[in-house]
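[1] could you work out the structure for the sequence below:
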Amino acid sequence: MASPPLPPNLFTDQANPPWMNKGDNAWQLTAATLVGLQSVPGLIILYGGAVKKKWAVNSAFMALYAFACVLVCWVGWGYRLSFGDKLIPIWGKIDVALTEHYLLEQAFSGKFPNATMVFFQFVFAAITLILIAGAVLGRMNFYAWMLFVPLWLTFSYTIGAYTIWSTGGWLATAGMIDYSGGYVIHLSSGVAGFTAAYWVGPRLTKDRERFPPNNILLMLAGAGLLWMGWTGFNGGDPYAANIDASLAVLNTHVCAATSLLTWLILDILFFGKASVIGAVQGMITGLVCITPAAGVVHGWAAIIMGICSGSIPWFTMMVVHKKSEILQKVDDTMAVFHTHAVAGTLGGLLTGLFANPKLCNLFYGKYGQYVGLFYGFQMGEYHNGFRQIGLQLIGVVFIASVNIVTTSLVCLAVRFIVPLRMTEEDMEIGDEAAHGEEAYAIWGQGDRNENSRFSTYNDVEINGSSKAKGHVEMT
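    Now for the predicted structure:
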């Protein structure tokens, strides 16, 4: 008996080659778009709402510029440096990702074309630069930022991405686990942001002492886009619409919710108030912590990771930061070091404990090479468990070292061309000095006061810089 004919949409043709899975391709493009929305408009409006009124435009514009600049650099040379043919164990060969022949070929992994993979990996690269911007808001010269973005992408991000994610990368072939960017994105952005903040210098003293968000509801809208966008961030990394993607998505949200609640409880216990800014920070640390482990750990591990990510970064931010001279000296505006470097490191090490061999096999297709220490003891494979923890630690040292060195060199190079920091006079004014534009107007239809270089409404402070008890701001 003849088998029934295939539905017309399953027949192959020039636009639908035999190796392509339409469902996987559709999901990958959707996941990439979700991650893109985390940046534009997610982090644009989060940054724009979380800073002082006078910095709203500048902060949002730094994110928008980085997104556009990274894309042009990515297709020009960044993608092939990160995922192209091997040049050395930590870097690929430079080449473009623009030709029809290359873009329509099957990607290095997954059943979809290179064009899809280039776009998917681009949004990860872009959000890394935007996260770095969070550490230098409120004083970095915009023209210095314009130079910093392509240089850092080229000489720092591509090294981490190739080493950990490319099929020929040193740590990738060694067996280190970074499911979706705990190291490549979050540890990198946290360390690079902290290093850049050191070289750029601090905000004005009065801005460091008092930096209230100008619109908490707008900040929450950005945070919501960030949280929901993480469905694509972690759910897209199996490169298929499969059961591992489903597990990664659920683990992501469970960890984020647990972390938010943990941070909230600590704020109530120690400060007497439930802070919405604290809740957002707890949400972010949870999302960051689960990222290197999302599809390779069980749900109970996601809850444990959420408790850890809601408490350990809280402790480093609220206790250690206030007692550490170096942390006090460096002005990290959005606390990127704590929310991304600390939480990313924590997630990477906990991945080394809780990575399940069977789930790793679903993701990597190599059973037995990836064994969390917990399962190493359970299975009697102590050597493999300790080996995994060792690789996770090596990854932390490597990424941190690369970013300290490359970020410092990039900042020094940029400083030879333009000042890294705005002038004191311009920092007093903010957006209008930097861009000739303001986020809010309180007269007419957005008209400026013609008798003043800048509007007088900006950041009017009542009763000096005193804060109400329990008042929480970005650092």
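[2] check contacts around the closest residue to residue 215 other than its chain neighbours.
    Leaving aside its chain neighbours, residue 215 sits nearest to residue 49 (4.0 Å; criterion: CB to CB, 6 or more residues apart in numbering). Any C-beta I mention is one placed from the backbone N, CA and C, and that applies to glycine too. Residues in contact with residue 49 (CB atoms under 8 Å, 6 or more residues apart in numbering) are 56, 213-222.
[3] just those: which are in helices?
    Of the positions in the contacts of residue 49, 56, 216-222 sit in helices, assigned by DSSP state H.
[4] now rank the contacts of residue 49 by neighbours and give me the top one.
    residue 56 (26 neighbours; other CB atoms under 10 Å).
[5] go through the helix or strand containing residue 376 and flag the buried ones.
    For residue 376, the element it lies in under DSSP states H and E is helix 373-379. Of the residues in helix 373-379, those buried under the neighbour-count criterion (16 or more other CB atoms under 10 Å) are 373-376.
[6] what would those residues look like in TSV with pLDDT and distance to residue 20?
    Converted to TSV, those look like this (pLDDT from 0 to 100; distance: CB to CB, whole Å):
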residue	pLDDT	distance to residue 20
373	95	39
374	94	38
375	94	35
376	93	38
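[7] any chance of the contacts of residue 49 in a markdown table, plus distance to residue 146 and pLDDT?
    Output for those, formatted as a markdown table (distance: CB to CB, whole Å; pLDDT from 0 to 100):
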| residue | distance to residue 146 | pLDDT |
| --- | --- | --- |
| 56 | 19 | 96 |
| 213 | 26 | 93 |
| 214 | 24 | 94 |
| 215 | 26 | 94 |
| 216 | 30 | 94 |
| 217 | 30 | 95 |
| 218 | 25 | 94 |
| 219 | 25 | 96 |
| 220 | 30 | 97 |
| 221 | 27 | 97 |
| 222 | 23 | 97 |
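[8] now, the most widely separated pair of those?
    Using CB to CB, these reach their maximum pairwise distance at 56 and 220, which is 15.2 Å.
[9] can you say which helix or strand has the residue nearest to residue 142 when sequence neighbours are not counted in it?
    Nearest residue to residue 142 in three dimensions, chain neighbours excluded: residue 434, at 5.5 Å (CB to CB, 6+ apart). Counting by DSSP H and E, the element that carries residue 434 is helix 431-435.
[10] does anything pack onto that helix? Which helices or strands?
    When contacts are defined as 3 or more CB pairs under 8 Å, 6 or more residues apart in numbering; DSSP states H and E, helix 431-435 packs onto helix 56-73, helix 424-429.
[11] avg pLDDT for that helix?
    What helix 431-435 shows for mean pLDDT is 94.
[12] pull the residues that contact stretch 101-114.
    Identification of contacts with stretch 101-114 by CB under 8 Å, 6+ apart yields 17, 19-21, 24-25, 28, 83, 96-97, 115-118, 166-167, 239-240.
[13] may I see the ChimeraX selection of the buried members of those residues?
    Per 16+ other CB under 10 Å, the buried members of the contacts of stretch 101-114 correspond to this ChimeraX selection:
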select :20,24,25,28,83,97,115,116,117,118,166,239,240
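[14] related to what we said a few turns ago, pick out whichever of the ones in helices among the contacts of residue 49 sits closest to residue 275.
    Using CB to CB, residue 216 is the member of the ones in helices among the contacts of residue 49 that lies nearest residue 275, at 10.2 Å.
[15] quickly note the distance from the closest one to residue 340.
    Residue 216 sits 21 Å away from residue 340, going by CB to CB, to the nearest Å.
[16] is it true that residue 90 touches residue 169?
    Yes: between residue 90 and residue 169 there is a contact under CB atoms under 8 Å: 6.9 Å.
[17] identify the contacts common to these two.
    Shared contacts of residue 90 and residue 169, defined by CB under 8 Å, 6+ apart, are found at 162-163.
[18] looking at the two, which is more packed in?
    Comparing residue 90 with residue 169 by other CB under 10 Å, the one with more neighbours is residue 169, at 23 against 20.
[19] picking that back up, who wins for proximity to residue 306 among the helices and strands packed on helix 431-435?
    Across the helices and strands packed on helix 431-435, closest to residue 306 is helix 56-73 (CB to CB), at 26.8 Å.
[20] buried ones in the closest one?
    Result for helix 56-73 [16+ other CB under 10 Å]: buried residues 56-67, 69-71, 73.
[21] surely residue 282 is in contact with residue 260?
    Yes: contact between residue 282 and residue 260 holds when scored by CB under 8 Å: they sit 4.3 Å apart.
[22] of those two, who's got more company?
    Neighbours per residue (other CB under 10 Å) separate residue 282 from residue 260, with residue 282 holding more: 31 against 24.
[23] give the contact list for residue 373.
    The neighbourhood of residue 373, defined by CB under 8 Å, 6+ apart, consists of 352-353, 385-386, 388-389.
[24] what's near enough to touch residue 258?
    Contacts of residue 258 by CB under 8 Å, 6+ apart are 286, 302-303, 305-307, 310.
[25] now do 7 Å
    Residues near residue 258 by CB atoms under 7 Å, 6 or more residues apart in numbering: 286, 303, 306-307, 310.
[26] list the buried ones in the strand or helix carrying it?
    Here residue 258, judged by DSSP H and E, is contained in helix 243-271. In terms of neighbour count (16+ other CB under 10 Å), helix 243-271 has its buried residues at 244-245, 247-264, 266-267.
[27] cool, thanks, signing off.
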